[in-house]
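# Just the structure for this:
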Amino acid sequence: MIESRLLIVGIFWFLLGHIAVFFQLNGQFKWDWFAKNEWALALFGLIISYFYIWGTKYTVASFDGLLWPARFIGFGIGMIVYALGLWFFFKEGITLKTFISLFLCMILICLQIFWKTK
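Residues are numbered from 1 along each chain as shown. Sure, this is the predicted structure:
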């Protein structure tokens, strides 16, 4: 049985991690500071790692120790964050192909959360 509170906490940490990574990797194309301070961004990666560790920990706990749901949920959230970040900060439109991919990510997340296997 899914523990909703733990799942929400896990999703929060995955969201925070993916948002941080989006800026860490793509900020160099938008802001000069990011392009000139790779070392600082790399050091911030240590903190970002904790976001993913905590996201995995809480999401796995919410699924009674199953690992696959956490992986799929983390992946789906990452795809959605990346697409929205490109759209908002870089004005890259969401094409039909991207929209379908995002829709599939949502299906993937919903399958993990709502399909009971036990």
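
# quick one: buried residues of the helix or strand containing Ala40?
Assigned by DSSP states H and E, Ala40 belongs to helix 38-62. Judged by neighbour count using 16 or more other C-beta atoms under 10 Å, the buried positions of helix 38-62 are Leu41, Ile48, Phe51, Tyr52, Trp54, Gly55, Thr56, Tyr58, Thr59, Val60, Ala61, Ser62. Glycine gets a C-beta too; all of them are placed from N, C-alpha and C.

# which ones are touching Thr56?
The contact partners of Thr56, by C-beta atoms under 8 Å, 6 or more residues apart in numbering, come to Gly10, Ala70, Gly74.

# Quick one: residues contacting the second one.
Residues near Ala70 by C-beta under 8 Å, 6+ apart: Gly10, Gly55, Thr56, Thr59, Val60, Phe63.

# repeat for the first one
For Gly10, the set of contacting residues under the criterion of C-beta under 8 Å, 6+ apart consists of Trp54, Gly55, Thr56, Lys57, Tyr58, Thr59, Val60, Ala61, Ser62, Ala70, Ile73.
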